[in-house]
Structure formats: structure tokens, C-alpha cells
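Engineer: Below are the sequence and a predicted model for it; my questions follow.
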Amino acid sequence: LAEVQIYDTDALAPSATVLAPIQDEVLPAPIAANGTATDDTAVTAVKIQVRNRDTGDWLRSDGTWGSWQELDATLASPGSPNTTWTFDIATAPAARYKLSARAIDSTGNSHTWVDRKFEVSSNDVTPPAAAIGSPTHDEVLVGATFGANGTATDNVAVESVLVSVRDRNSGLWLQANGTFGTWVEHQATLGSPGTPSTTWNFSALLPAGSYRVYSTAVDTSGLRSATVNVRFLAN
């Protein structure tokens, strides 16, 4: 019997389109992107990348912005020659963006990226809110390491929490290098950055003394919360 070999001869790349947002559209977040993908055999995936053209940051799978990541769109009919796709951008600060899409078929063929530029406007007029959970008012902290924590909330997304610490006797402010000088704000660590509700924490070494810690939340539209503060002692 003769041996029969079957080769996959699919050399045709699929194609993708971006239907929304339209080119240079200005719209508020969240963004519902969608489009189509076609192939002579079967579309198995549509890959998405979204870049903030002002900061250079890329949308990541956890909803934050940072180093480049390729993300997956949702296909209406995966494995078929024709399908629509959708991709949601839940949070995006007011800025200029570029969304790129490419389709992949069942043999791994792909085509070049299809780009769509758009802009996110800031219709958000609601500032976030910050709260300090620890230390409590007039609490006496024992040990050189000072730790503060709390919560921050927003109607859209919390981008950062800023903390400052003031020596109540000298009137000077804690610096990044542990000394004291002019007023400065420090970035707290967020438990869930880019979400409507998050915890935060901040730590530093403090000599014994009387202090006041201040906390301010900032949302993805750049709006700042009212600053909250707590008086405490380090012992």
C-alpha cells in the first residue's frame, strides 16, 4: 500500500476589522470595542492591544496600565469562518488611545494589526473618598516602623492614594529618604489599583515624637478627594 501524506495547505491569513470605536471618536469610559474577523477556514482568536498614546502605557489583563500585553477579545462564533468580536475597556483615564486588533486562524496564520485611534473624555465630576483605618486618633505606636492603612473609593476607579506625614513639633514633613523637610506626598501601595474600591498601606521609619498622617485619594480622571488626617504618637 502506498503511503498517503496529507499536508495543511492553508496559507491564507484571516482579516479583522474594528467597528467601534470609530476613528478619532471622543467618548467616555467604559469603552465597548467591537469588530469582525473572517477567514477561509476558521477564526480561532482575535488579539487586542490598547496603548495610552499620552503616557505610553498599555492596558493589561488585570485592568491596570503598564508594560505591553496582548489581550483576547471575546468571539461570538469561535472556530467559524466569520465572527464578530467584542472587547471591553472598563477603566481608562482621560487621554488619547490606540486600539489594535489582529485575527488568528486555526493553522496559526495571522495578519498585521488593524489600528483605531480614539480619545477618552473626562465626564467624571465625582471625586473619590479616602479613609484612614490605622493609626487611630491619638494612638500610641510602639517601634520604629510606622504603618498606616485605610481605604479609598470612587465612582469609576481609584488611581492612587497619596500620604504625607508631618512632625507636629517641628512642622516639617517626612521625606522619601527618611529625613524631614518641605511638604511632600508619598505613593501608598494599593490593594486593587484601578478599581472603584481599594485598600491602601504605607510604612516608614519614624523617630519617637508626635505626628499627623494625611491621606488623599486620586481617581483616574485626576480628581482628588478631601484630605483626611489622624494625629498619633510614635514611641
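Structural biologist: Sure, I can see it.
Engineer: ok, Thr182 - how many residues close by?
Structural biologist: Look at Thr182: counted by other CB atoms under 10 Å, it has 7 neighbours. Glycine gets a C-beta too; all of them are placed from N, C-alpha and C.
Engineer: Return the residues in contact with it.
Structural biologist: Leu172, Trp173 (CB atoms under 8 Å, 6 or more residues apart in numbering).
Engineer: Point out where this structure drops to low pLDDT.
Structural biologist: In the prediction, the chain carries residues with pLDDT under 70 at positions 1-9.
Engineer: What spatial separation is found between the residue most central in space within it and Asp88?
Structural biologist: The structure's the chain has its C-alpha centroid closest to Thr64; by CA atoms, centre = their mean the separation is 2.1 Å. Distance, Thr64 to Asp88, using CB to CB, to the nearest Å: 15 Å.
Engineer: Could you find the closest non-adjacent residue to the residue nearest to the centre of the chain?
Structural biologist: Excluding its sequence neighbours, the residue lying closest to Thr64 (CB to CB, 6 or more residues apart in numbering) is Gly194, at 4.7 Å.
Engineer: I'd say that neighbour and Asp154 touch.
Structural biologist: No: Gly194 is beyond contact range of Asp154, at 10.2 Å (criterion: CB atoms under 8 Å).
Engineer: Need the residues touching each of the two.
Structural biologist: With CB under 8 Å, 6+ apart, Gly194 and Asp154 have common neighbours Thr220.
Engineer: Which one's more surrounded, the two?
Structural biologist: Comparing Gly194 with Asp154 by neighbour count (other CB under 10 Å), the higher total belongs to Asp154, at 25 against 22.
Engineer: Pretty sure Asp219 sits against Val161.
Structural biologist: No: using CB under 8 Å, Asp219 is not in contact with Val161; the gap is 10.6 Å.
Engineer: got any residues that touch both of the two?
Structural biologist: Joint contacts of Asp219 and Val161 (CB under 8 Å, 6+ apart) do not exist.
Engineer: which residues does Pro78 contact?
Structural biologist: Pro78 makes contacts with Val43, Thr44, Ala45, as judged by CB under 8 Å, 6+ apart.
Engineer: May I see the residues you listed arranged in JSON lines, with neighbour count and distance to Lys117 as well?
Structural biologist: Output for the contacts of Pro78, formatted as JSON lines (neighbours: other CB atoms under 10 Å; distance: CB to CB, whole Å):
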{"residue": "Val43", "neighbour count": "25", "distance to Lys117": "24"}
{"residue": "Thr44", "neighbour count": "20", "distance to Lys117": "27"}
{"residue": "Ala45", "neighbour count": "18", "distance to Lys117": "23"}
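Engineer: any idea how far the residue nearest to Thr64 is from Thr91?
Structural biologist: Taken as CB to CB, the span from Gly194 to Thr91 is 5 Å.
Engineer: any residues in contact with both of these two?
Structural biologist: Gly63, Ala157, Thr220.
Engineer: which one of the residues you listed is nearest Arg53?
Structural biologist: When these are ranked by distance to Arg53 (CB to CB), Thr220 comes first, at 16.0 Å.
Engineer: Bridged to Gly150, which residues?
Structural biologist: On the basis of DSSP bridges, Gly150 is bridged to Ile132, Trp200.
Engineer: Quick check: it touching Ser134?
Structural biologist: Yes: with contacts counted by CB under 8 Å, Gly150 reaches Ser134, the gap being 7.3 Å.
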